[in-house]
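# After the sequence you'll find the predicted model.
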Amino acid sequence: LNLTKIELKKKGDTINLKKSAGGLGEILINLNWNQKKSKTGLFGRSKGVDLDLACLFELKNGDKGVVQALGSSFGSLDRPPFIALDGDDRTGTVSTGENMRINGARIADIKRIVVFTFIYEGVKNWSDADGVITIKQAGGPEIVVHMNEHDNSKGMCAIAMITNVNNETFSIERLVQFFNGHREVDEAYSWGLRWKAGSK
């Protein structure tokens, strides 16, 4: 039994992050994918899929929003929403993928988070991208969600729901559900935001 890595394999599989006396500390969410390029013609430029990591958040005070590179909504660890996205990798060549961090010391301020990804550029081909989310926490096992179900007709995938449990820990639930866009994700999880088109 590998206690350093736990995979949530089926929709609805849920696990709590490890509680510790000093609080949860920083929680790292990493999105990585197969960044091989598809060749287009003899001299054609090769183009890989560009996946963007993002999340919807709801705070205990009722504030709701989105953290994503689109519209430069990168968030903040020290101020609300206590969630921050690292710089956006437009090339798909950074082998570490994309990272989002949650300030676990502020768990009492955070109600729930839906982590999602969307194909910003490139063909909608989830099976080629072969994405994987890894949630890392000091002192606890890594929690892994493989995006091994695919719907290439839709460009967005909700991967995991992170929910506050008694202000002590977060539960992580596997979703891997595909949608046509932000508004559909919002409606599926009853967020209630108003959406307008954005760019980065």
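Perfect, I can see it now. Residues are numbered from 1 along each chain as shown.
# these two touch, right, Ile133 and Leu28?
No. Ile133 sits out of contact with Leu28 when judged by CB atoms under 8 Å, with a separation of 10.7 Å. All C-beta spots, glycine's among them, are computed from the backbone N, C-alpha and C.
# Who has more neighbours out of those two?
More crowded of Ile133 and Leu28, by other CB atoms under 10 Å: Ile133, with 27 against 16.
# List the contacts of the more buried one.
Listed by CB atoms under 8 Å, 6 or more residues apart in numbering, the contact set of Ile133 reads Ile29, Asn30, Leu31, Val115, Thr117, Val144, Val145, Met147, Ile159, Ala160.
# which SS state does Leu193 fall under?
Leu193 falls in the coil class when you classify it by DSSP: H, G, I helix; E, B strand; the rest coil.
# In the contacts of Ile133, find the pair that's most separated.
Considering CB to CB, no two members of the contacts of Ile133 lie farther apart than Thr117 and Val144, which are separated by 14.7 Å.
# Touching the longest helix seen in the chain from outside, list them.
As far as residue count goes, and with DSSP state H defining each element, the longest helix of the chain is helix 182-188. For helix 182-188, the surrounding residues in contact (CB under 8 Å, 6+ apart) are Leu56, Val66, Val114, Phe116, Met156, Ala158, Gln177, Phe179, Trp191, Gly192, Leu193, Trp195.
# Highest neighbour count among the residues you listed?
When neighbours are counted by other CB under 10 Å, Phe116 leads those with 26 neighbours.
# who does the helix or strand harbouring that residue touch, helix- and strand-wise?
Of the helices and strands defined by DSSP states H and E, Phe116 is found in strand 110-121. Other helices and strands packing on strand 110-121, by 3 or more CB pairs under 8 Å, 6 or more residues apart in numbering; DSSP states H and E, are strand 50-59, strand 98-103, strand 156-165.
# Understood, closing this out.
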